[in-house]
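Novice: this is a predicted model, with the sequence first.
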Amino acid sequence: MKALRPRGQQPTVVLTDGGLQLERTALAWRRTGCSLLICELAAFRVMAELDQGFIAVLFLAAVAPTLVIMLSGSSRPATAGHSLAEDEREMVYSSSSTGLRELLLALLVALSGALCLLVLCSGAAAGWAIGESG
């Protein structure tokens, strides 16, 4: 029989690497957000130069939620073990997060991919990659 958690108690995750996985994961999501932001701005510039105003505006509109997600993240202080705790067996715990920011960032990556697919299917960038002038 599975033991039930008391109502209102947050689930905990046991960390066996001293909390380093949380740091690596947070840094990976931050890199993903920065890469997405750069790609969105580059796509906006390319579409603007090709006089594809509507698609350029779509890429520019995707920049705003990416910035909000990137800037709304809590910055980690330099102190080691922030939001981590050890029990009597020296196991490290952290309260689990909802993962909402990561989910929204993943959705923005999918949206950016869909916009790129729209560009390819519409032929808006035809000839641009091989240097043809329009």
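Specialist: Thanks, I have the structure now.
Novice: switch to C-alpha atoms for all contacts and neighbour counts from now on
Specialist: Fine.
Novice: just after the helix or strand containing Leu27, pick out the following helix or strand.
Specialist: In this assignment (DSSP states H and E), Leu27 forms part of helix 20-49. Moving toward the C-terminus from helix 20-49, the first helix or strand encountered (DSSP H and E) is helix 53-72.
Novice: contacts for that next one?
Specialist: The set of residues that contact helix 53-72 without belonging to it, under CA atoms under 8 Å, 6 or more residues apart in numbering, is 30, 33-34, 36-37, 40-41, 43-48, 101, 104-105, 108, 112, 115, 119.
Novice: please list only the buried members of the residues you listed.
Specialist: Using 16 or more other CA atoms under 10 Å as the burial test, the contacts of helix 53-72 include 30, 33, 36-37, 40-41, 43-47, 101, 105, 108, 112, 115, 119 as buried.
Novice: where in the protein is pLDDT low?
Specialist: For the chain, residues meeting the criterion pLDDT under 70 lie at 1-19, 73-98, 125-134.
Novice: by contact count, what packs against the host helix or strand of Leu104?
Specialist: Counting by DSSP H and E, the secondary-structure element that holds Leu104 is helix 100-122. Here helix 100-122 is seen to pack against helix 20-49, helix 53-72 when contacts are counted using 3 or more CA pairs under 8 Å, 6 or more residues apart in numbering; DSSP states H and E.
Novice: what is the first one packed up against?
Specialist: Contacts of helix 20-49 with other secondary structure elements, assessed using 3+ CA pairs under 8 Å, 6+ apart, are made with helix 53-72, helix 100-122.
Novice: switch those helices over to CSV; also include distance to Arg24.
Specialist: Output for the helices and strands packed on helix 20-49, formatted as CSV (distance: least, CA to CA, whole Å):
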stretch, distance to Arg24
helix 53-72, 16
helix 100-122, 14
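Novice: from Val57, how far out is Ala48?
Specialist: Counting by CA to CA, to the nearest Å, the gap between Ala48 and Val57 amounts to 8 Å.
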